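Enquirer: got a structure for you, letters missing:
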């Protein structure tokens, strides 16, 4: 079991600019929750001019709590954006909460004024024990949390220090009484294998490698992750293309071949559709 939160910036477009503009940190949840939860992510911001952040979403469900100080124009909300600290809890308004399913489109958020966000990024497949029905019904959606699940016995989730917020999230999620599920554990394991093994390019090869029939694999991912295995493979490989684009001179034809695309044009179309700009334009912008 992981002892530290993930430290990469996968999916965050122009992550260096983000970290200059806002304060962002990740923390692991309490040990019993780590089988389902990837990490908590905390954001605090105080900006003089509007700041837009774009993220290529992970195949993961997020639960998000937010307090605004001034105002925030929100196009979307997801687990990999962040902000600058604001310690005065009295300066923030009421807290809102929502559950955000797997996002198929580019995620955009514009921060203004001051505020804070506390989020839970579940592991792909890890939200089902809390939701207890098909996670696919949340895909591409954001839903307000039911009133009974909105607050922690420890008080508002976004109030206080980082330790206060972590304890509030631990208490809240533990109170939701997640039920261990062998199929959820299988989905988590298989999705993690796709994320960490960059040689995974095709569903049929992956299914054969793990001795799982393709149709069963597809049903498992739709029910527990919210999207099919082909989508998960393609999304993780596209996030790798984003990482490479920020890293230096590139041969997009070679990258297309490495990531399992039939040709460079196919990669360029997918990259542009997800990131909003072509690979070459993105590479120029981050340099």
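Expert: Thanks, I have the structure now. What you see is a predicted model; the values in this text were computed from it and never measured.
Enquirer: pull the helix or strand with minimum mean pLDDT from the chain.
Expert: For the chain, using mean pLDDT, DSSP states H and E, the weakest element among its helices and strands is strand 72-73, scoring a mean of 42.
Enquirer: Identify the bridge partners of residue 44.
Expert: residue 23, residue 116 (DSSP bridges).
Enquirer: measure it to residue 207 for me?
Expert: 43 Å (C-beta to C-beta, to the nearest Å). In this view, the C-beta of every residue, glycine as well, is placed from N, C-alpha and C.
Enquirer: Can you get me a residue count around the nearest residue to residue 243 once chain neighbours are set aside?
Expert: Spatial nearest neighbour of residue 243, chain neighbours left out: residue 10 (6.6 Å); criterion: C-beta to C-beta, 6 or more residues apart in numbering. Residues lying near residue 10 (other C-beta atoms under 10 Å) number 16.
Enquirer: Low-confidence ranges, the stretch 51-200 of the chain, go.
Expert: Along the stretch 51-200 of the chain, segments meeting pLDDT under 70 span 69-93, 146-155.
Enquirer: ok, now with 50
Expert: For the stretch 51-200 of the chain, the stretches with pLDDT under 50 are 70-91.
Enquirer: For it, which segments count as strands?
Expert: Remark: strands assigned in the stretch 51-200 of the chain by DSSP state E, counting those that start in this stretch are 62-68, 72-73, 96-100, 107-122, 142-144.
Enquirer: Need those in JSON lines (columns: mean neighbour count and distance to residue 52).
Expert: Below are those laid out as JSON lines (neighbours: other C-beta atoms under 10 Å; distance: least, C-beta to C-beta, whole Å):
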{"stretch": "strand 62-68", "mean neighbour count": "23", "distance to residue 52": "16"}
{"stretch": "strand 72-73", "mean neighbour count": "15", "distance to residue 52": "9"}
{"stretch": "strand 96-100", "mean neighbour count": "19", "distance to residue 52": "18"}
{"stretch": "strand 107-122", "mean neighbour count": "23", "distance to residue 52": "5"}
{"stretch": "strand 142-144", "mean neighbour count": "13", "distance to residue 52": "18"}
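Enquirer: all helices for the stretch 1-150 of the chain, in order.
Expert: 15-21, 128-131 (DSSP state H, counting those that start in this stretch).
Enquirer: Show the secondary-structure elements that the longest one is packed against.
Expert: Using 3 or more C-beta pairs under 8 Å, 6 or more residues apart in numbering; DSSP states H and E as the contact criterion, the secondary-structure elements in contact with helix 15-21 are strand 37-55.
Enquirer: Next: the last one.
Expert: The elements that helix 128-131 packs onto, with contact taken as 3+ C-beta pairs under 8 Å, 6+ apart, are helix 182-196.
Enquirer: Any buried residues in the helix or strand that the helix it packs on is followed by, and which?
Expert: Going down the chain from helix 182-196, the next helix or strand is helix 203-209, by DSSP states H and E. For helix 203-209, a neighbour-count test (16 or more other C-beta atoms under 10 Å) marks 203, 206, 207 as buried.
Enquirer: just stretch 26-44 next, same as before
Expert: Within stretch 26-44, the residues that count as buried by 16+ other C-beta under 10 Å are 26-29, 33-44.
Enquirer: what helices or strands is the biggest helix by length in the chain leaning on?
Expert: Ranked by residue count under DSSP state H, the longest helix found in the chain is helix 229-245. If contacts are counted by 3+ C-beta pairs under 8 Å, 6+ apart, helix 229-245 sits against helix 182-196, helix 203-209, helix 214-224, helix 264-275, helix 279-286.
Enquirer: ok, the closest residue to residue 112 other than its chain neighbours - how many residues close by?
Expert: Once flanking residues are discounted, residue 112 sits nearest to residue 50: 4.9 Å by C-beta to C-beta, 6+ apart. Residues lying near residue 50 (other C-beta under 10 Å) number 12.
Enquirer: how near is residue 50 to residue 7?
Expert: 28 Å.
Enquirer: With residue 204 instead?
Expert: Counting by C-beta to C-beta - residue 204 and residue 7 are separated by 33 Å.
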